[in-house]
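Q: Any chance you could fold what I've pasted below:
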Amino acid sequence: MEGISHKTMEVNGISMHVAEKGPADGPAILFVHGFPELWYSWRHQILSLSARGYCCIAPDMRGFGDTTAPPSISSYTIFHLVGDLIALLDSLSLPQVFVVGHDWGAIIAWQLCMFRPDRVKALVNLSFAFMPRNPAVKVVDHFRSMYGDNYYICRYQEYGVADEEYASMDPKFFFKIVLTVSSTGGPISFSKASMESLMEPTVLPDWLSEEDIEYFATKFQKSGFTGGINYYRCMDLNWELTAPWTGAQIKVPTKYIVGDLDLTYHYPGIQDFIHKGGLKSHVPLLKEAVVVQGAGHFIQQERPEEISDHIYEFIKMF
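A: The predicted structure follows:
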């Protein structure tokens, strides 16, 4: 990947695989991926922003790719995930960085900014808007009330079920479906049966190559899916652990970007929350909320140049 370097670092009790590119003395950007992804999801932004003088750092998160996947579900709490990133910054001697997150990476980035705003110059979050903690309703119950027991987040709670389903599937087929499926509403189960009922795309979209599919498939065939699914299994535990931060604001300069075809942009009430002051009330330094027309969930891969430019235009101000 055109000069991207790779190394393994010991951080927070795990071995973390880290991809890097850019001048060591340049301002640093930390990229945080989601599920089911890897550092590789940021390949376009790494190349684009390193060429503009930024030191780009993209780890495989705990449980993914070439990073350690602890067996215990309780090893994937938000404190572990944020702690991994803080330990990584400490190991790299970086007192402060720009942060860019997507999907679960966005959730982690929101919490990183809540717990340790001193380590973040500015935040660009993609897809998943900040969701303030509701002390009256646990997270999984919230999604169950909206979409029912067959919703993928609810299905993931039962240990081993989705893990074994995915392990029994052709990993290339899995990623061709997951990375290209489009849905803006309704209960998506991501069960093996529902995925196999879909036609494998005969032609990939122009933003996704067979080589990309091969990379994801090879890494997940090796690591399995349990580590990533355990993030979902900790949702209610995180809800309990973060009780002291109920009502806390994100006080970091922020830009939020979402595709208009992203499922997360069609959660009940979310568009009013984003555009009518709700998000701004919890993220008072929110500078802009951008909706990219015709873009789906994996927006940094679908619109690589556009997202790279959005990131650059925002962080160059700091």
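
Q: CA atoms for contacts and neighbours, from now on please.
A: Noted.

Q: how about the helices in the stretch 1-150 of the chain?
A: 43-50, 78-91, 104-115, 139-147 (DSSP state H, counting those that start in this stretch).

Q: and the first one, how far out from the chain's middle?
A: If I follow you right, that is helix 43-50. Relative to the mean C-alpha coordinate of its chain, helix 43-50 is positioned 17 Å out (CA atoms, centre = their mean, to the nearest Å).

Q: Output the contacting helices and strands for that helix.
A: Contacts defined by 3 or more CA pairs under 8 Å, 6 or more residues apart in numbering; DSSP states H and E place helix 43-50 against strand 14-21, strand 55-59, helix 299-302, helix 304-315.

Q: can we see that at 10 Å?
A: With contacts defined as 3 or more CA pairs under 10 Å, 6 or more residues apart in numbering; DSSP states H and E, the packing partners of helix 43-50 are strand 14-21, strand 28-32, strand 55-59, helix 299-302, helix 304-315.

Q: Need those in a markdown table (columns: distance to Arg119, mean neighbour count and mean pLDDT).
A: Formatted as a markdown table, those follow (distance: least, CA to CA, whole Å; neighbours: other CA atoms under 10 Å; pLDDT from 0 to 100):
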| stretch | distance to Arg119 | mean neighbour count | mean pLDDT |
| --- | --- | --- | --- |
| strand 14-21 | 19 | 20 | 98 |
| strand 28-32 | 11 | 26 | 99 |
| strand 55-59 | 15 | 26 | 99 |
| helix 299-302 | 24 | 22 | 98 |
| helix 304-315 | 15 | 17 | 98 |
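
Q: can you put those in TSV and add distance to Ile4?
A: Shown next, in TSV, are those (distance: least, CA to CA, whole Å):
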stretch	distance to Ile4
strand 14-21	5
strand 28-32	14
strand 55-59	9
helix 299-302	17
helix 304-315	17
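
Q: For Thr254, find the nearest of the ones you listed.
A: Across these, Thr254 has its closest neighbour in helix 304-315 (8.6 Å, CA to CA).

Q: ok, residues contacting that closest one?
A: Applying CA atoms under 10 Å, 6 or more residues apart in numbering, the external contacts of helix 304-315 come out as 27, 29, 41-49, 52, 54, 98-100, 121-126, 207, 253-257, 287-288, 290, 292, 298-301.
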